[in-house]
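K.L.:
Below are the sequence and a predicted model; questions follow.
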Amino acid sequence: DIQMTQSPSSLSASVGDRVTITCRASQGISNYLAWFQQKPGKAPKSLIYAASSLESGVPSKFSGSGSGTDFTLTISSLQPEDFATYYCQQYNSYPLTFGGGTKVEI
Amino acid sequence: EVQLVESGGGLVQPGGSLRLSCAASGFTLSDHYMDWVRQAPGKGLEWVGRTRNKANSYTTEYAASVKGRFTISRDDSKNSLYLQMNSLKTEDTAVYYCARTVRATSGHYYLDYWGQGTLVTVSS
């Protein structure tokens, strides 16, 4: 199975900060990586697929990059509604696997 | 508008069975692969399994942790997805989400829409 490792597991940031979350795959997954946002008590929401493609309706302050084993999610200017937990997921091969999550706190 | 609504969760004893349903609307279910993903209380996301569409013979894939105990099925005529869970264990306690997948140009499938989830509690 492909292991997905996110770092950090949590971070504290302020409104307006630029935030970067890292996701590393245990083996190459090309660009078959997605990012999800989850707020407490809510379902995950899809943000990015194919490592860098924004889902429809997702604001451009979110961006993704990477290929192979190393990926990043960047939020350019953190807003109050962005405080949440973020997960990466590889869909290169079965079983699909998620990273452990990064909680972004105030 | 794409909507996915799960139902069927509840309290069940270890060793028992439960069937979850996911009602789909706002899109043509038969065109899509569909996944189940779960989340134990206070934990991260875990992929449970996938059913391919009719064009791909409704074949399935499962996580090792549920293979042989869980079965994913679908009834496109009823716009519904199902998760039959047998031989339940306490570690199966989680919120279960159904999710739609979309085929990328690469031929790989990624998740785009999620339901709100239904809670399954396995306890004596």
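P.N.:
That came through, no problem.

K.L.:
Residue numbers of chain B in contact with chain A?
P.N.:
Proximity of chain B to chain A (CB under 8 Å from any CB of the partner chain) is limited to residues B:35, B:37, B:44-47, B:50, B:61-64, B:97, B:102, B:104, B:106, B:108-117. Where you see a C-beta, it was placed from the backbone N, CA and C, and this is true even at glycine.

K.L.:
how about 6 Å then?
P.N.:
B:44, B:45, B:47, B:61, B:63, B:97, B:108, B:110, B:112, B:114, B:116, B:117 (CB under 6 Å from any CB of the partner chain).

K.L.:
Go ahead and confirm the fifth one touches residue A:95.
P.N.:
Yes. In this structure, residue B:63 is within contact of residue A:95 by CB atoms under 6 Å, at 4.9 Å.

K.L.:
returning to that earlier point: filter the residues of chain B next to chain A to the buried ones?
P.N.:
Buried members of the residues of chain B next to chain A, counted by 16 or more other CB atoms under 10 Å in any protein chain shown: B:45, B:47, B:61, B:63, B:97, B:108, B:110, B:112, B:114, B:117.

K.L.:
and residue 32, how many neighbours?
P.N.:
In the absence of a named chain, chain A is used. Look at residue A:32: counted by other CB atoms under 10 Å in any protein chain shown, it has 23 neighbours.

K.L.:
The chain in question should be chain B.
P.N.:
Neighbour tally, residue B:32, other CB under 10 Å: 24.

K.L.:
Same question for residue A:44.
P.N.:
When counting by other CB under 10 Å, one arrives at 25 neighbours for residue A:44.

K.L.:
cool, and the one 4 residues further on?
P.N.:
Neighbour count of residue A:48, defined by other CB under 10 Å: 23.

K.L.:
Name whatever forms a beta bridge with it.
P.N.:
With DSSP bridges as the criterion, residue A:48 is bridged to residue A:35, residue A:54.

K.L.:
Next one: it relative to residue B:98, how far apart?
P.N.:
Distance from residue A:48 to residue B:98, counting by CB to CB, to the nearest Å: 21 Å.

K.L.:
what bridges to the spatially most central residue of chain B?
P.N.:
Central residue of chain B (CA atoms, centre = their mean): residue B:36, 2.6 Å from the mean position. For residue B:36, the beta-bridge partners are residue B:49, residue B:98 (DSSP bridges).

K.L.:
Does it touch residue B:47 like I think?
P.N.:
No. Residue B:36 is beyond contact range of residue B:47, at 7.9 Å (criterion: CB under 6 Å).

K.L.:
How many neighbouring residues does residue A:16 have?
P.N.:
Considering only other CB under 10 Å, residue A:16 is surrounded by 9 other residues.

K.L.:
er, residue B:3 I mean
P.N.:
For residue B:3, using other CB under 10 Å, the count is 12.

K.L.:
Helix, strand, or coil at residue A:29?
P.N.:
coil (DSSP: H, G, I helix; E, B strand; the rest coil).

K.L.:
mind checking how far it is from residue B:80?
P.N.:
32 Å.

K.L.:
So for those two, which residue has more residues nearby?
P.N.:
residue A:29 (22 against 17).

K.L.:
how many neighbours does the residue nearest to that one when sequence neighbours are not counted have?
P.N.:
Excluding its sequence neighbours, the residue lying closest to residue A:29 (CB to CB, 6 or more residues apart in numbering or on different chains) is residue A:92, at 3.8 Å. Look at residue A:92: counted by other CB under 10 Å, it has 17 neighbours.

K.L.:
Give me the pLDDT value at residue A:92.
P.N.:
Per-residue confidence at residue A:92 stands at 96 (pLDDT).
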